[in-house]
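Undergrad: Below are the sequence and a predicted model for it; my questions follow.
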Amino acid sequence: MKTALTIAGSDSGGGAGIQADIKTFSSLGVFGMSVITAVTAQNTMEVKSVQMIDSQIISDQISAIFDDIHVDAVKIGMLGTKENIDVVAKELNIYRTEHIILDPVMISKGGHHLLQQNAIDALKEKLLPMVTLITPNIPEAESLTDRKICTIEDMYTACLKLQELGANKILLKGGHLEGDPNDLFFDGHHFTWLPGKRIHTKNVHGTGCTLSSAITAFVAQEETLLSAVKKAKDYITIAIQHSLELGSGHGPTNHFYHLYERAGLVDNK
Ligand SMILES: Nc1ncnc2c1ncn2[C@@H]1O[C@H](COP(=O)(O)OP(=O)(O)OP(=O)(O)O)[C@@H](O)[C@H]1O
Ligand SMILES: Cc1ncc(CO)c(N)n1
């Protein structure tokens, strides 16, 4: 069985973070492992509080895994602090993996800062150049490039700017712009649009986490990056289409829908 590792924060509400990543890995047939960088007390409405995990324990979790188990692909989500970025970059430089997918998590859907402001430079300098793919949403790309993104033209320009900053491949998610959620993939030479149709639901908690871990699961299974990104887009679309009405805020997506459907466990009437 292929393996995937997520280095991210825990979401007690189960829809985003480590929990979304492990559900995604499992539903797509790869063995999931985790390095927890932060514990968030979170539900569908808000992040109540966050406790960062000590850098030494982060470093130990990474070495415990890599010293023993082969890792086919790594996904990085919430890191929280500059210290965490430093330790993750240092360890991943030691244990080299072919595929590293970075979701540069900065702010939760409810507006809670999940990355300290002083950590953005470290993310740009240390992690950006060493990862295979970065998957910012519009506000994250704006923060990384220091410019507003309002139009399709701006999305192209932002990808080129991210490349200038050292990024290898980029998936710029368009979900935060008006209209349909079309994402732009840039492999360093060519642009490819991943068209979407907006699903009108408030249950979009953890969509970014789920998309990046699905890409990770597909590259772990030897898909090319472009094919992994396309399959992951299909996967998140189905997960949003069948998202779950849980809690009073942004409910989670349905990570296992395609398996339930295959098993005849859903009523399609
Ligand atoms: N309402 C929607 N309907 C269909 N697809 C959507 C919708 N919202 C987002 N998506 C798609 O979901 C994926 C994740 O994008 P999104 O912009 O929501 O990530 P994000 O803001 O990083 O999420 P998160 O809240 O987890 O940080 C993208 O492929 C995006 O186009
Ligand atoms: C732990 C965690 N990671 C990522 C997100 C994405 O928004 C979140 N809400 N919580």
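TA: Thanks, I have the structure now. Numbers count the residues shown, from 1 in each chain. Ligands and ions are numbered 1, 2, ... in the order given.

Undergrad: Only C-alpha atoms from now on, for both contacts and neighbour counts.
TA: Noted.

Undergrad: what sits against the residue nearest to Met155 when sequence neighbours are not counted?
TA: If the residues on either side of it in the chain are set aside, Met155 comes closest to Ile149, at 6.3 Å by C-alpha to C-alpha, 6 or more residues apart in numbering. With contacts taken as C-alpha atoms under 8 Å, 6 or more residues apart in numbering, Ile149 has the following neighbours: Ile138, Glu142, Met155, Ala158.

Undergrad: Mind giving me the packing neighbours of the least confident helix or strand in the chain by mean pLDDT?
TA: Among the helices and strands of the chain, helix 257-262 carries the lowest confidence by mean pLDDT, DSSP states H and E, at a mean of 92. The contact analysis (3 or more C-alpha pairs under 8 Å, 6 or more residues apart in numbering; DSSP states H and E) places helix 257-262 against helix 225-241.

Undergrad: And the helix it packs on, what's buried?
TA: Buried residues in helix 225-241, counted by 16 or more other C-alpha atoms under 10 Å: 225-226, 228-233, 235-241.

Undergrad: returning to that earlier point: would you turn the contacts of Ile149 into JSON lines with neighbour count, secondary structure and distance to ligand 2?
TA: Output for those, formatted as JSON lines (neighbours: other C-alpha atoms under 10 Å; DSSP: H, G, I helix; E, B strand; the rest coil; distance: C-alpha to the nearest ligand atom, whole Å):
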{"residue": "Ile138", "neighbour count": "20", "secondary structure": "helix", "distance to ligand 2": "13"}
{"residue": "Glu142", "neighbour count": "17", "secondary structure": "helix", "distance to ligand 2": "16"}
{"residue": "Met155", "neighbour count": "21", "secondary structure": "helix", "distance to ligand 2": "21"}
{"residue": "Ala158", "neighbour count": "23", "secondary structure": "helix", "distance to ligand 2": "21"}
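
Undergrad: model confidence over the helix or strand Thr192 falls within, on average?
TA: According to DSSP states H and E, Thr192 maps onto strand 191-194. Across strand 191-194, the average pLDDT comes to 98.

Undergrad: Can you show me the helices along the chain?
TA: Using DSSP state H, the helices of the chain run over residues 17-27, 55-66, 82-94, 120-122, 138-145, 152-164, 207-220, 225-241, 257-262.

Undergrad: Show me what the first one is in contact with.
TA: It refers to helix 17-27. Outside helix 17-27, the residues that touch it by C-alpha under 8 Å, 6+ apart are 4, 6-11, 14, 31-34, 36, 77-78, 206, 209-210, 213-214, 217, 255-256, 259.
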